[in-house]
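# okay, predicted coordinates and the sequence, questions at the end:
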Protein chains: 2
Amino acid sequence: MPRKRNAHRSPDMPTLADVARLAGVSEITASRVVRDQGPIAETTRRRVLAAIAELGYIPNRAAGSLASAGSTLMSVLLPSLSNIVFPDVLRGIHTALTHTAFQPVIGVTDYDPLIEERILVSFLAWQPAAVILAGLHHTPTARRHLEHGRFRVAELMDIDGDPVDIAVGMSHRQAGYETGRHLIQRGYRRFGYAGHSVATDDRASARYEGLCTSLQEAGLSLVAEHRQPGPSSTKAGRDSLEILIAADPSLDVVVFPNDDMAMGGIFHCMHSGIAVREKLGIFGFNGLDIGQAMPMPLSTILSRRFLIGLTAAEKLLESRVRPQEKTIINTGFDIIEGATA
Amino acid sequence: MPRKRNAHRSPDMPTLADVARLAGVSEITASRVVRDQGPIAETTRRRVLAAIAELGYIPNRAAGSLASAGSTLMSVLLPSLSNIVFPDVLRGIHTALTHTAFQPVIGVTDYDPLIEERILVSFLAWQPAAVILAGLHHTPTARRHLEHGRFRVAELMDIDGDPVDIAVGMSHRQAGYETGRHLIQRGYRRFGYAGHSVATDDRASARYEGLCTSLQEAGLSLVAEHRQPGPSSTKAGRDSLEILIAADPSLDVVVFPNDDMAMGGIFHCMHSGIAVREKLGIFGFNGLDIGQAMPMPLSTILSRRFLIGLTAAEKLLESRVRPQEKTIINTGFDIIEGATA
DNA sequence: TCTAACAATGACAGCGCTGTCATAAAGTTA
DNA sequence: TAACTTTATGACAGCGCTGTCATTGTTAGA
């Protein structure tokens, strides 16, 4: 006995067959109109469109995806949405996908590779056309899925490593290195580092290493460092700097892993009457608007987050199949001199 | 002639049939193990699980969704990710969905009801189990889809209105009203308002109206107001306050639509040597961490964003079908006295 | 006038999974 | 021991759409 139709769907939920019947065409023709694909006579198209509007038809993408063994989904896995960095990337992706058939689907991994793996697998169950993730470091299982899948892959933010398919970003190691060079050139000698404790923030770690390298080359080294437990935040930056200064008051500059924490550092200085730049230089990373809107604009490095998202999505749209050659796109960075270091 | 299998899928992409064959059971039994549904003998379950692991099987959710006429997706439509407010809501949703079968799917509407409608329709094509959106105001088409769909609906942030199914949030009108009362009680009389030009930020508008009402009741009114073109940002707040003060230097307090802009206002005061609170009170909305981390904590209203997301998602999980009764949950708000007004 | 090329449409089967009902075996109650 | 319930499993069809191939005009070129 066949399954009753109404057990499945509301009677008023029209299918493509209903549209086709009303328009007086075959299902496949209606399907072609919906997908804007193949040659369709203008009059036919109009009839079908009218039928769609009249019925309030919404295509069933699960059926479409099943039949065509593919979807128009683009899975986006981001470590966090807690500061503006990844939303900026997301805006870039959105911008590239506007007026295409693709839809971004967002997951948040909390900087945890295992969560990333779990979300990746659950996204792959929807047969996405492409997967976008942050960084080049994933669990072995995740990497295997990424390599064997029939979809494009873009790894964002970082280019220091071996991508699966496309990498778009900048060298964080080099950014850290240039930070050190810049500050040394400006006369700073007694460096502190005020970080956070998220060990899987690979980019922050790479910048830290780059910084240390440039100090070493100049015969210097970090005088003091402190990592505040928990994730990065303005409060963490403020607390971290307080502890750092208590440990070593002789510091003349402190580098933070990002602008949020650096702003916390500035707030601590304001609170404690420490003259920023004269007495203590403060340097961040990201070039957030809020830091530049401060009375004393934050000295930092501008990462091109919107561009990274935009470029990655555009690149992914170029071809549905993964090319032989891997692509690495360096979006670079700029030092913002600012007024705090 | 039947379609060739390999035209569709990689040969090494196993299906449930492959799993069932390897485990020596029927497809249905394998399916039940995957979905953890129905009575399964422990030994059978283990055999199937082993087969899944061996083959690296990933279920095809499009097929599952098609067959069951439903999905485990929860569509989340947010106006913006450009400040921490909606990511906080999202964290709440994520927290509620951890360890459930549901997956959030996020879309960003840019405060545009038409974009919201477009994204809603494209999400409905995936037959979500629930839809979460911000606010109670949608296009007529969107509202119709929401009302007629076979899914749960939660409208977040705002409770001043008539929800489709569930509303979780606070009264922004009342928040604006209490802001006025609080500031009047603290002795402020010459009120300014420094906003932005996004007309569809309904919550900001409601707070504005509430503020005006409380002023009226006290025999006062806004002395000056300015709306900076473009979306809300720290820079916009800074510029807006500058213009406002130029227009009327006699103001003794300025209310901003949110903390981001209020911080911009404080930055302007710092830059121009205006004594915050003594000379000019500054009041925000949201209670963001960054505002509280400032040397002079921002006077503002705490909205419970995480709680809103969490509560909404939990409520949606309670039942798959829409109950007769609509639910309105007021998560309330708190005035944070701070040091700026 | 005939062929070739193209434009426009349709028939058919099947994508991978799950709802429904049926069945067999084992346990429970009177 | 009969009658029932519970547990564990399977057969079958179909969810709504699209890939593939076939068919019918229609127009251009020789």
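Ah, there it is.
# show me where chain A has its helices.
A:5-8, A:16-23, A:27-35, A:42-55, A:61-68, A:85-97, A:113-124, A:140-148, A:172-185, A:202-217, A:234-247, A:259-272, A:289-293, A:305-318 (DSSP state H).
# of the ones you listed, flag the one that's most buried.
When the helices of chain A are scored by mean count of other Cβ atoms under 10 Å in any protein chain shown, the highest mean neighbour count falls to helix A:259-272 (a mean of 25). Backbone N, C-alpha and C define where each C-beta goes, glycine included.
# now the helices of chain A as TSV including distance to chain B and mean pLDDT?
Converted to TSV, these look like this (distance: least, Cβ to the nearest Cβ, whole Å; pLDDT from 0 to 100):
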stretch	distance to chain B	mean pLDDT
helix A:5-8	4	44
helix A:16-23	12	94
helix A:27-35	10	94
helix A:42-55	11	94
helix A:61-68	4	94
helix A:85-97	4	92
helix A:113-124	5	94
helix A:140-148	7	94
helix A:172-185	23	97
helix A:202-217	19	96
helix A:234-247	4	96
helix A:259-272	4	96
helix A:289-293	4	93
helix A:305-318	11	97
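# can I get the ones you listed in JSON lines including distance to A:Ala224?
Written out in JSON lines, the entries for the helices of chain A read as follows (distance: least, Cβ to Cβ, whole Å):
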{"stretch": "helix A:5-8", "distance to A:Ala224": "66"}
{"stretch": "helix A:16-23", "distance to A:Ala224": "67"}
{"stretch": "helix A:27-35", "distance to A:Ala224": "61"}
{"stretch": "helix A:42-55", "distance to A:Ala224": "66"}
{"stretch": "helix A:61-68", "distance to A:Ala224": "55"}
{"stretch": "helix A:85-97", "distance to A:Ala224": "27"}
{"stretch": "helix A:113-124", "distance to A:Ala224": "30"}
{"stretch": "helix A:140-148", "distance to A:Ala224": "37"}
{"stretch": "helix A:172-185", "distance to A:Ala224": "15"}
{"stretch": "helix A:202-217", "distance to A:Ala224": "13"}
{"stretch": "helix A:234-247", "distance to A:Ala224": "5"}
{"stretch": "helix A:259-272", "distance to A:Ala224": "13"}
{"stretch": "helix A:289-293", "distance to A:Ala224": "23"}
{"stretch": "helix A:305-318", "distance to A:Ala224": "30"}
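# of those helices, which is nearest B:Leu136?
Go through these one by one with Cβ to Cβ and the one that ends up closest to B:Leu136 is helix A:85-97, at 24.4 Å.
# and that closest one, how far out from the chain middle?
Here helix A:85-97 shows a centroid-to-chain-centroid distance of 8 Å under the convention Cα atoms, centre = their mean, to the nearest Å.
# the closest residue to A:Met170 other than its chain neighbours and chain B, how far apart?
Closest residue in space to A:Met170, ignoring its immediate chain neighbours: A:Phe333 at 5.0 Å, by Cβ to Cβ, 6 or more residues apart in numbering or on different chains. Using Cβ to the nearest Cβ, to the nearest Å, we find A:Phe333 at a distance of 21 Å from chain B.
# for A:Phe333, report the pLDDT, please.
According to the predicted model, the pLDDT of A:Phe333 comes to 97.
# surely it meets A:Thr300?
No - checked against Cβ atoms under 8 Å, the pair A:Phe333 and A:Thr300 is beyond contact range at 10.0 Å.
# which of those two has more neighbours?
A:Thr300 (29 against 22; other Cβ atoms under 10 Å in any protein chain shown).
# number of residues surrounding the closest residue to that one other than its chain neighbours?
In this structure, A:Thr300 finds its nearest non-sequential neighbour in A:Gly284, 3.9 Å apart by Cβ to Cβ, 6+ apart. A count of neighbours around A:Gly284, defined by other Cβ under 10 Å, yields 29.
# what's the closest non-adjacent residue to A:Pro14?
According to Cβ to Cβ, 6+ apart, the nearest residue to A:Pro14 is A:Leu55 (4.1 Å).
# please name the residues that touch the one you found.
For A:Leu55, the contacting residues are A:14, A:18-19, A:22, taking Cβ atoms under 8 Å, 6 or more residues apart in numbering or on different chains as the criterion.
# where does the stretch 201-341 of chain A come near DNA strand D, residue by residue?
Taking Cβ under 7 Å from any atom of the strand as the criterion, DNA strand D has no neighbours within the stretch 201-341 of chain A.
# gap between the residue of the stretch 201-341 of chain A found nearest DNA strand D and B:Asp202?
Distance from DNA strand D to each residue of the stretch 201-341 of chain A (Cβ to the nearest atom of the strand) is smallest for A:Arg320, at 11.3 Å. Using Cβ to Cβ, to the nearest Å, one obtains 40 Å as the distance from A:Arg320 to B:Asp202.
# pretty sure the residue nearest to A:Thr300 is touching A:Val254, no?
No - taking Cβ under 8 Å as the contact criterion, A:Gly284 and A:Val254 are not neighbours in contact, 10.0 Å apart.
# follow-up on the earlier one: for the residue nearest to A:Met170, list each beta-bridge partner.
According to DSSP bridges, A:Ser303 are recorded as the beta-bridge partners of A:Phe333.
# with A:Ala30 as the reference, measure out to A:Ala17.
When A:Ala17 is compared with A:Ala30 (using Cβ to Cβ), they lie 8 Å apart.
# so who does the closest residue to A:Leu183 other than its chain neighbours touch?
When the adjacent residues along the chain are set aside, A:Leu183 lies closest to A:Val253, with 5.5 Å between them (Cβ to Cβ, 6+ apart). In this structure, A:Val253 makes contact with A:183, A:188, A:190-192, A:280-283, A:341, judged by Cβ under 8 Å, 6+ apart.
# can you check the pLDDT for A:Ser232?
According to the per-residue confidence, A:Ser232 scores 91 in pLDDT.
# how about the contacts made by A:Phe285?
Listed by Cβ under 8 Å, 6+ apart, the contact partners of A:Phe285 are A:175, A:179, A:207, A:256-259, A:262, A:300-301, A:303.
# make JSON lines out of those and add distance to A:Val131.
Below are the contacts of A:Phe285 laid out as JSON lines (distance: Cβ to Cβ, whole Å):
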{"residue": "A:Ala175", "distance to A:Val131": "25"}
{"residue": "A:Thr179", "distance to A:Val131": "31"}
{"residue": "A:Arg207", "distance to A:Val131": "25"}
{"residue": "A:Phe256", "distance to A:Val131": "31"}
{"residue": "A:Pro257", "distance to A:Val131": "27"}
{"residue": "A:Asn258", "distance to A:Val131": "25"}
{"residue": "A:Asp259", "distance to A:Val131": "28"}
{"residue": "A:Ala262", "distance to A:Val131": "32"}
{"residue": "A:Thr300", "distance to A:Val131": "30"}
{"residue": "A:Ile301", "distance to A:Val131": "28"}
{"residue": "A:Ser303", "distance to A:Val131": "22"}
